[in-house]
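Trainee: Mind looking at a prediction? Sequence and model below.
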Amino acid sequence: MPTYSALTMLTGEEAARALAAAIERMQPEPIGVGVFEIEDGSGLWEVGSYFMEPPDEVMLEVLAVAFGARSFALSELPEIDWVAKVRRELSPVEAGRFFVFGSHDADKVPTDAGRVPLQIEATVAFGTGHHGTTLGCLRAFDRLLAAGERPARVADIGCGTAVLAMAAAATLPDALVIASDIDRVAVDVAEANVAINGLQGRVECLEAAGLDHPRLRAAAPYDLIFANILKGPLIELAPGIASQLATGGRSILSGLLAVQAEAVTAAYVAAGLCLQDRDDIGEWSTLVLQKS
């Protein structure tokens, strides 16, 4: 059965969320509505909605005019097994010692000493290692390990598939490792991946908004905090991450475009951290900062 998408853009978060709320009251009802900031400094927000039946095009045009949005772009999406498609198209990723793969590539896992295989299944959660942000974080962590760093307490904030938390658990057998995400589905995916990799009891998965969880606070201070999210949340979390880091502790940050790196760096420098490293992969940046 095909599904239908309706996408538009408009200026301002408040107007975008109000438009999304209006779409949710449409008939036929959408099966999902999302609001996303266009991370290019334009101030534009995208509102996307999905339907199991053809949406009411007249009503969508009325809503676009009412909220000052662009006309909706309507599409019929073919019935595709997206998980199977992703599995076919995603090849293994190598980031230093880390080898990230899906079950369909299990026969390609290297057996040489020192390599760390991490199995990640294609799911709705973010973080397969193919994106420049996750790849950048894994590379940055590999460089820290190569330099002899052995953090004893690690937090992965906005963990998605938990690939970063698992990388820490697999290479730091004595470390306390906590993975958290604001999305319950992501937490479920993280727990499943932890089990697939035989790391039960080594990675603690939590549902939390940022650092707002009693367990995260109780386990602080951390020697290493991963945060692979977006520019806005990264800047908002700067004081909290800085306060939860031990002296000398590091934070590996990504999820940001290269053009956003200076703004994110400035927020963390203002919170008491100093920039140690920056790695740009395509249009994406990864930052490594240390609490002095």
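Mentor: Nice, I can see it.
Trainee: Residue 172: neighbouring residues, count only.
Mentor: 20 (other C-beta atoms under 10 Å). Where C-beta positions appear, they are placed from N, C-alpha and C, glycine not excepted.
Trainee: Same check on residue 93?
Mentor: Residue 93: 19 surrounding residues under other C-beta under 10 Å.
Trainee: so it bridges to which residues?
Mentor: When assigned by DSSP bridges, residue 93 has beta-bridge partners residue 100.
Trainee: That one contacts residue 99, doesn't it?
Mentor: Yes. Counting by C-beta atoms under 8 Å, residue 93 does reach residue 99; the two are 7.5 Å apart.
Trainee: So which residue of this structure lies furthest out from the middle?
Mentor: residue 58 (35.8 Å; C-alpha atoms, centre = their mean).
Trainee: Only C-alpha atoms, please: export whatever helix or strand it lives in in PDB.
Mentor: Using DSSP states H and E, residue 58 sits in helix 57-66. Coordinates of each C-alpha in helix 57-66 appear next as PDB, following Å, rounded to 0.1, in the frame of the first residue of the first chain:
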ATOM      1  CA  GLU A  57      -5.000  19.100  -1.400                       C
ATOM      2  CA  VAL A  58      -7.400  22.000  -1.100                       C
ATOM      3  CA  MET A  59      -7.100  22.000   2.700                       C
ATOM      4  CA  LEU A  60      -3.300  21.800   2.500                       C
ATOM      5  CA  GLU A  61      -3.300  24.900   0.300                       C
ATOM      6  CA  VAL A  62      -5.600  26.700   2.700                       C
ATOM      7  CA  LEU A  63      -3.300  25.900   5.600                       C
ATOM      8  CA  ALA A  64      -0.200  27.000   3.600                       C
ATOM      9  CA  VAL A  65      -1.800  30.400   2.900                       C
ATOM     10  CA  ALA A  66      -3.100  30.700   6.500                       C
END
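Trainee: So for that helix, mean pLDDT?
Mentor: Across helix 57-66, the average pLDDT comes to 96.
Trainee: Check which helices and strands it sits against.
Mentor: helix 13-24 (3 or more C-beta pairs under 8 Å, 6 or more residues apart in numbering; DSSP states H and E).
Trainee: what's the angle between the helix it packs on and helix 57-66?
Mentor: 160 degrees (axes from the mean of the first three to the mean of the last three C-alpha atoms, to 10 degrees).
Trainee: and residue 247, how many neighbours does it have?
Mentor: Neighbours of residue 247 (other C-beta under 10 Å): 10.
Trainee: Do you have the helices of the stretch 151-292 of the chain handy? List them.
Mentor: 163-171, 184-196, 214-219, 231-244, 261-270 (DSSP state H, counting those that start in this stretch).
Trainee: which stretch among those comes nearest residue 149?
Mentor: Counting by C-beta to C-beta, residue 149 lies closest to helix 163-171 out of the helices of the stretch 151-292 of the chain; the figure is 10.5 Å.
Trainee: helices or strands next to that closest one in the packing?
Mentor: Secondary-structure packing of helix 163-171 (3+ C-beta pairs under 8 Å, 6+ apart): strand 116-119, helix 132-146, strand 153-157, strand 176-181, helix 184-196, strand 203-207, strand 222-228.
Trainee: JSON lines please, covering the ones you listed and showing mean pLDDT and mean neighbour count.
Mentor: JSON lines is the format used below for these (pLDDT from 0 to 100; neighbours: other C-beta atoms under 10 Å):
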{"stretch": "strand 116-119", "mean pLDDT": "93", "mean neighbour count": "20"}
{"stretch": "helix 132-146", "mean pLDDT": "93", "mean neighbour count": "22"}
{"stretch": "strand 153-157", "mean pLDDT": "98", "mean neighbour count": "27"}
{"stretch": "strand 176-181", "mean pLDDT": "97", "mean neighbour count": "26"}
{"stretch": "helix 184-196", "mean pLDDT": "91", "mean neighbour count": "19"}
{"stretch": "strand 203-207", "mean pLDDT": "96", "mean neighbour count": "20"}
{"stretch": "strand 222-228", "mean pLDDT": "97", "mean neighbour count": "26"}
